[in-house]
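In: make a model of this:
(one chain, ligands or ions: 1)
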Amino acid sequence: MNVLEKKFLEQIRIRQLVSKEDHVLLAVSGGSDSMALLHLFCAIRRAVPCRISAVHCNFRLRAEESDEDERFVQEACLALGVTCYTVGFDTLKMAGEWKTSIEETARILRYRYFDTLLSEHGMKVVATGHHVNDNAETMLFNLFRGTSLLGLRGIRAKRGKIIRPLLLVHKVEILGYIDEKHIAFRIDATNFGIDPDRNFIRNRIIPLIEERFSHKLLPSLQRLSEQAGELEEFLELYFENLLADKPGLSASNGMLEVKDLVLLSLFEQKEVFKRALREHDVKCDSKTLDQLVRLLKTQPGRMVRLSAQIVVLWKGGTLHILRQS
Ligand SMILES: Nc1ncnc2c1ncn2[C@@H]1O[C@H](COP(=O)(O)OP(=O)(O)OP(=O)(O)O)[C@@H](O)[C@H]1O
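Out: Residues are numbered from 1 along each chain as shown. Predicted coordinates for the structure are as follows:
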């Protein structure tokens with residue numbers, strides 16, 4: 001096994017991404033990252049004897065080139081003895097119908113299809129080729145558009161049935177591996193379907209900052225992402241315990257006890273509100289949270305409207321989360 005294969009295997013083991021008997025679906029676009037993913041999985045098959053299959057989605061965004069990508073992935077899988085599922089989509093039409101960007105439409109379509117394959121074939125997880133650079137792009141993208149502290153965790157190594165075993169691997173390591181193993185891959189020269197802002201971050205911002213700050217950006221963002229992930233895990237546990245200790249803060253009956261809330265720090269109050277409202281399918285931004293925290297300090301009887309349907313009302317020592325029809 002070479003250096004990257006060892007690192008890849010280690011990540012899979014440390015993060016418990018795949019178990020021995022799992023059937024893993026590899027999402028292969030035909031680009032360098034997912035082709036490396038395919039070959040890496042084949043290389044570690046003996047150490048982690050899981051079953052692997054591959055999937056390629058043809059978004060039909062680049063005329064014949066899209067069909068060539070599809071054929072390329074099918075042939076590469078055939079040569080490696082990996083079953084390959086393919087599907088075609090009229091992405092532009094769907095984007096028009098859903099009024100979503102091409103990138104978002106392709107994302108929705110492929111994740112839906114992955115889900116279908118998982119349930120049809122009893123597969124456990126889908127692996128994608130996201131790596132350190134993708135994570136950095138996502139973090140910066142979130143930062144520039146406005147994000148919470150936890151938005152800085154970026155892409156997760158495991159989320160539901162999606163695993164990203166290359167998340168700690170740099171693009172240069174992937175390209176080195178591709179080179180060493182003579183792995184062929186497809187290049188999407190048009191970048192059709194990639195969000196222009198993401199492209200700007202990938203091709204302009206990251207290279208500029210990397211050059212100016214001696215390649216410290218990617219490792220620094222990676223650490224930040226890991227710390228944000230660890231903080232999130234810690235907070236989940238902390239609030240689980242807090243709510244178990246003080247049922248008046250759990251809002252299971254749509255009520256929050258003001259006497260318990262006022263004893264909490266500002267951060268805790270906002271988190272309790274966030275969690276309570278999440279149970280009512282309300283996602284709230286920092287402005288709304290500020291409003292709710294202010295409500296705690298004002299007179300009983302005041303209310304905050306969160307959406308057309310939901311209001312929070314302070315009445316008789318409790319905050320009531322009310323759904324109005
Ligand atoms: N058409 C597709 N079919 C199957 N999986 C895909 C497809 N496009 C993307 N993916 C999965 O999503 C991951 C991230 O997508 P992204 O658009 O960043 O990749 P890409 O640049 O097209 O290709 P690659 O990551 O393989 O170099 C890919 O690594 C791959 O696992």
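In: and D67, how many neighbours?
Out: Neighbour count for D67, taken as other C-beta atoms under 10 Å: 13. Heads up, the C-betas are built off the backbone N, CA and C, glycines and all.
In: now do the strands in the stretch 101-250 of the chain.
Out: Applying DSSP state E, counting those that start in this stretch to the stretch 101-250 of the chain gives strands spanning 125-127, 158-159, 162-163.
In: direction included, what does the first one pair up with?
Out: Strand pairing for strand 125-127, determined by DSSP bridges: strand 23-27 (parallel), strand 162-163 (parallel).
In: wait, which of the strands of the stretch 101-250 of the chain is closest to the ligand?
Out: Across the strands of the stretch 101-250 of the chain, the ligand has its closest neighbour in strand 125-127 (7.2 Å, C-beta to the nearest ligand atom).
In: the closest one and the ligand in contact?
Out: No - residues of strand 125-127 contacting the ligand under C-beta under 6 Å from any ligand atom: none, with a closest distance of 7.2 Å.
In: now that strand: buried residues?
Out: Buried residues in strand 125-127, defined by neighbour count with 16 or more other C-beta atoms under 10 Å: 125-127.
In: stretch 18-35 too?
Out: 18, 22, 24-35.
In: in strands only, show me those.
Out: 24-27 (DSSP state E).
In: out of those residues, who's near the ligand?
Out: Answer for those near the ligand (C-beta under 6 Å from any ligand atom): A27.
In: which of the buried residues of stretch 18-35 sit farthest apart?
Out: D22 and S32 (25.0 Å; C-beta to C-beta).
In: quick one: average pLDDT of stretch 309-325?
Out: What stretch 309-325 shows for mean pLDDT is 81.
In: and the ones in strands among the buried residues of stretch 18-35 as a markdown table, adding pLDDT?
Out: What follows is those, written out as a markdown table (pLDDT from 0 to 100):
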| residue | pLDDT |
| --- | --- |
| V24 | 96 |
| L25 | 97 |
| L26 | 98 |
| A27 | 98 |
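In: and the ones in strands among the buried residues of stretch 18-35, which is closest to the ligand?
Out: The closest of these to the ligand turns out to be A27 (C-beta to the nearest ligand atom; 3.4 Å).
In: now do the contacts for the closest residue to that closest one other than its chain neighbours.
Out: The shortest distance from A27 to any non-neighbouring residue, by C-beta to C-beta, 6 or more residues apart in numbering, is to T128 (4.8 Å). Applying C-beta atoms under 8 Å, 6 or more residues apart in numbering to T128 gives the contacts 27, 34, 37, 162-164.
In: show me what the lengthiest helix in the chain is packed up against.
Out: In the chain, taking DSSP state H as the definition, the longest helix is helix 217-245. Applying 3 or more C-beta pairs under 8 Å, 6 or more residues apart in numbering; DSSP states H and E, we find helix 217-245 packed against helix 132-145, helix 206-212, helix 266-278.
In: great, nothing more from me.
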